[in-house]
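**Q** Fold the following.
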Amino acid sequence: MRQAKILFFVMGCAPTAKDLEAATKLSAQVCFRNAKAVSIDETCLEGCDGVAGAVPANYKKTYPEAAEAIEKINASINKLTAAAEDEKPPKPTHDAAALEIADGLAKKLEKSKKEKTETTGADWKPNA
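**A** Here you go, the predicted structure:
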């Protein structure tokens, strides 16, 4: 599950203490951007789920506010979670015959190992 990506626009190169406080209240992935350095070309917008802070006009027109975007992402996560909880677990694909065959093979392997140990004896030395 992913968090909403929020572009938080600040007036300058770094966020102020007030900006940081507001950003920590958002339960999302927050990326700070300098509002003064944003291109006015609407074809060059950075992708995100929502915007906050001193949002430039071209971003404000294209993307929803942070709270709305976070609410939308959380609603889709809740919907997927509810759907997953409603699903029944898959039925086992094995059958009794296959289990019986596997059990028989395991017993033969165990018997073979036991016979090999008995025939080699305690006095056997490799490469002697």
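
**Q** ranges for the strands of the chain?
**A** 5-10, 29-34, 50-53 (DSSP state E).

**Q** And the last one, how far out from the chain middle?
**A** On the basis of CA atoms, centre = their mean, to the nearest Å, the separation between the geometric centre of strand 50-53 and that of its chain is 23 Å.

**Q** How about the first one?
**A** In terms of CA atoms, centre = their mean, the centre of strand 5-10 is set 22 Å apart from its chain centre.

**Q** can you give me the angle it makes with strand 29-34?
**A** 30 degrees (axes from the mean of the first three to the mean of the last three CA atoms, to 10 degrees).

**Q** Remind me what strand 5-10 packs against, helices and strands.
**A** With contacts taken as 3 or more CB pairs under 8 Å, 6 or more residues apart in numbering; DSSP states H and E, strand 5-10 sits against helix 17-24, strand 29-34, strand 50-53, helix 66-86. Every C-beta, even on glycine, is put in place using the N, C-alpha and C of the backbone.

**Q** repeat that for 10 Å
**A** helix 17-24, strand 29-34, strand 50-53, helix 57-62, helix 66-86 (3 or more CB pairs under 10 Å, 6 or more residues apart in numbering; DSSP states H and E).

**Q** List the pairing partners of that strand within its sheet, with orientation.
**A** Note on strand 5-10: by DSSP bridges, its sheet partners are strand 29-34 (parallel), strand 50-53 (parallel).

**Q** what sits against A66?
**A** 4, 6-8, 22-23, 25-28, 30, 48-53, 55 (CB atoms under 10 Å, 6 or more residues apart in numbering).
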